[in-house]
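# Mind looking at a prediction? Sequence and model below.
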Amino acid sequence: MSSFDDTLKTAASAMAAQTLRLRTISENIANANSTAASPGADPYRRKLVTFKNVLDRATGADTVKVDRIVPDAAPFELKYMPGHPAADGNGYVRMPNVNPLVEMSDLREAQRSYQANVDVIDATNTMISRAIDLLRS
């Protein structure tokens, strides 16, 4: 049963990591058009989630954890909007470094990864059930 437990722990840890990634992507999308409140101030900066492999010393299972949530160092886009309260002296407003197309692509990838781990858990549970049925026979 140990290898089944390890498989379940690995998949569950990956699901938890992807859940945080989905939340972070959602935050990025929600702030894609937000601007700073004053001229010269920085708008929302896109966040990226990094993962790390962690060995569970108690069981020996490899698991995945969120390593860090880091700001994206990509430059802000400048948009000409002279009437905007956050416009600089030349009429440009700093816009977030969030590309909604990239975020939607990342969102789909995170959803697929999450679903793949759900499928692993389902398959493992089926294998456990079949093993128990064979032992009863």
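Nice, thanks for sending it over.
# which helix in this structure runs the most residues?
Identified as the longest helix of the chain according to DSSP state H is helix 100-136.
# Show me what counts as buried in it.
103, 106-107, 110, 113-114, 117, 120-121, 124 (16 or more other CB atoms under 10 Å). Glycine gets a C-beta too; all of them are placed from N, C-alpha and C.
# Run through the residues that contact the residue lying closest to M15 once chain neighbours are set aside.
Nearest residue to M15, sequence neighbours excluded (CB to CB, 6 or more residues apart in numbering): N117, at 4.8 Å. Neighbouring residues of N117 by CB atoms under 8 Å, 6 or more residues apart in numbering: 11-12, 14-15, 18.
# rerun at 10 Å
8, 10-18, 64 (CB atoms under 10 Å, 6 or more residues apart in numbering).
# Need the three-state assignment for the spatially most central residue of the chain.
Closest residue to the average C-alpha location of the chain: R21 at 1.5 Å, with CA atoms, centre = their mean. Recorded secondary structure, R21: helix (DSSP: H, G, I helix; E, B strand; the rest coil).
# so who does it touch?
Applying CB under 10 Å, 6+ apart, the residues near R21 are 47-51, 66, 69, 106-107, 109-111, 113-114.
# run the last query once more with 8 Å
49, 66, 106, 110.
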